[in-house]
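Peer 1: This is a predicted model, with the sequence first.
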Amino acid sequence: MMKSIFAGALMGGLVLGQTNFTGDILHGYPVISALDIADVPANTISRYWISAAQAQGGLDYFVPVFVARGTNSSLTTGRKLSLSASIHGDELNGIPVVQRVFASINETVASGGLNGTIIGVPTMNPNGNIHNQPNFYTSSDNGYYNNLNRLMPGTSVEEGGDLADAYDFTIWNNLWGNTSNVDIAVDLHTLSIGSNGPFWAYADFALPGVQRLAELAQPDIIKIDSGEPGSVETTWVGHNVPAITLEIGPAKIWNRTLITRAENFIYRLMDDLYMDTTKAANRTDPVVVDLSATYKATNLTKLRAMHSGWIEMDLTPLQDVTEGEVIGNIYNSWGDVLEELTAPATGKVLTVNFDPAVEKGAGVLDIVYNATSTE
Ligand SMILES: [Zn+2]
């Protein structure tokens with residue numbers, strides 16, 4: 001198995017790889033060490049496990065993978081969509097989005113109606129799920145947490161990476177084929193725990209195709225920026241694959257309204273890419289998007305707490321605020337006001353903390369606004 005992982009890593013998208021079956025079956029589905037979508041049966045949704053890394057002691061971190069292959073001819077002519085969720089292990093609303101999409105396209109795929117390929121990863125970071133937190137726990141040096149969404153495209157251990165680097169390296173190279181298996185991507189997130197926010201997309205409009213992708217989501221807000229280095233989104237974009245990060249409300253709460261909005265976005269996207277031939281067959285005009293309730297923002301200003309204590313803010317996501325407006329207080333344990341909070345900018349509330357406990361230096365509020373004529 002080590003040998004096949006290494007071989008897959010070396011191939012890394014330079015040459016069309018080969019799906020490496022380890023011979024193991026886990027919970028009824030084959031284990032692979034590398035994926036080549038050409039080896040996946042056409043007109044079928046297949047389920048695999050890929051071991052992205054091995055924990056201290058040698059147990060594998062298996063990641064579940066859906067692959068929906070369309071018709072044989074569409075392997076090369078159709079689009080290759082990646083849907084990934086929960087790289088942050090406590091950000092869960094993307095999980096049912098991936099599950100629902102694959103459940104709903106069953107008949108379309110079986111009847112030969114899928115034009116292209118969809119790779120779905122409902123739970124990218126089971127280690128984070130276990131730890132009930134966003135990051136990936138590494139046992140070395142008595143243990144520390146790593147943000148897998150800042151380490152893409154990863155680094156192999158042979159090249160100096162630690163386990164978290166190697167985990168991302170395996171996903172990037174052996175699952176996504178270093179872009180050979182993917183040409184458009186959506187990475188599904190939620191807010192951090194204790195924070196509330198709307199349905200929004202991070203999008204780097206500099207790469208052609210990203211604006212269209214973000215607009216098809218019809219989110220409440222499109223935050224236009226060049227992204228965070230090492231994130232899934234930014235790494236795709238850096239490899240000329242249009243991608244967005246989609247934020248689907250608060251962490252650890254099923255928000256069915258926003259989950260459904262994200263799900264419907266994927267169907268619009270598939271239609272726009274002519275992936276669902278049952279919908280796109282008779283369409284000559286582009287898919288119509290409704291941006292009447294979408295605000296495009298270029299700037300973000302964060303309010304940071306200057307005191308540790310107990311915070312109270314009377315704000316809801318998407319609310320308009322004016323710079324200097326009083327929006328809340330931080331109290332000490334006696335109930336004395338330590339700090340009066342004011343809006344740090346004029347704009348819309350993107351995210352606001354609802355966790356009453358606050359630590360000095362923590363970001364508690366994000367305001368977005370438009371400082372250019374992009375809209
Ligand atoms: Zn996240």
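Peer 2: Sure thing, it's come through.
Peer 1: Could you tell me which other helices and strands the helix or strand containing Val63 packs against?
Peer 2: According to DSSP states H and E, Val63 maps onto strand 60-69. Packing partners of strand 60-69 (3 or more CB pairs under 8 Å, 6 or more residues apart in numbering; DSSP states H and E): strand 29-34, strand 44-54, helix 94-104, strand 116-121, helix 126-131. C-beta: built from backbone N, CA, C; applies to glycine.
Peer 1: Would you map the strands across the stretch 251-375 of the chain?
Peer 2: With DSSP state E, counting those that start in this stretch as the definition, the stretch 251-375 of the chain shows strands at residue ranges 295-297, 299-304, 309-313, 320-321, 326-331, 337-342, 347-353, 357-358, 363-369.
Peer 1: To clarify, my last question referred to the stretch 101-250 of the chain.
Peer 2: So, for the stretch 101-250 of the chain - with DSSP E, counting those that start in this stretch - the strands run 116-121, 136-138, 144-146, 184-189, 195-196, 199-203, 221-224, 243-248.
Peer 1: hmm, the second one in reach of the ion?
Peer 2: No: judged by CB under 5 Å from the ion, strand 136-138 stays clear of the ion, getting no closer than 12.4 Å.
Peer 1: Find out how far that strand is from the centre of the chain, if you would.
Peer 2: Centre-to-centre, strand 136-138 and its host chain are 19 Å apart (CA atoms, centre = their mean, to the nearest Å).
Peer 1: Same question for the fifth one.
Peer 2: On the basis of CA atoms, centre = their mean, the separation between the geometric centre of strand 195-196 and that of its chain is 17 Å.
Peer 1: where does the chain come near the ion, residue by residue?
Peer 2: Counting by CB under 5 Å from the ion, the chain sits next to the ion at 88, 91, 189.
Peer 1: how about TSV for those residues, with pLDDT and neighbour count added?
Peer 2: Below are the residues of the chain next to the ion laid out as TSV (pLDDT from 0 to 100; neighbours: other CB atoms under 10 Å):
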residue	pLDDT	neighbour count
His88	98	26
Glu91	97	27
His189	98	25
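Peer 1: Reformat those as TSV; add distance to Asn255.
Peer 2: Formatted as TSV, those follow (distance: CB to CB, whole Å):
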residue	distance to Asn255
His88	16
Glu91	12
His189	13
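Peer 1: Can you tell me which of the residues you listed comes closest to Val287?
Peer 2: The closest of the residues of the chain next to the ion to Val287 turns out to be His189 (CB to CB; 23.9 Å).
Peer 1: Tell me which of the helices and strands packed on strand 60-69 is the most buried.
Peer 2: strand 116-121 (a mean of 25; mean count of other CB atoms under 10 Å).
Peer 1: Please state the offset of that strand from the chain centre?
Peer 2: On CA atoms, centre = their mean, the centre of strand 116-121 falls 14 Å from that of its chain.
Peer 1: as a whole number, average confidence for that strand?
Peer 2: The pLDDT scores in strand 116-121 average 98.
Peer 1: So what are the sheet partners of it and their directions?
Peer 2: Using DSSP bridges, the strands paired with strand 116-121 are strand 60-69 (antiparallel), strand 79-85 (parallel).
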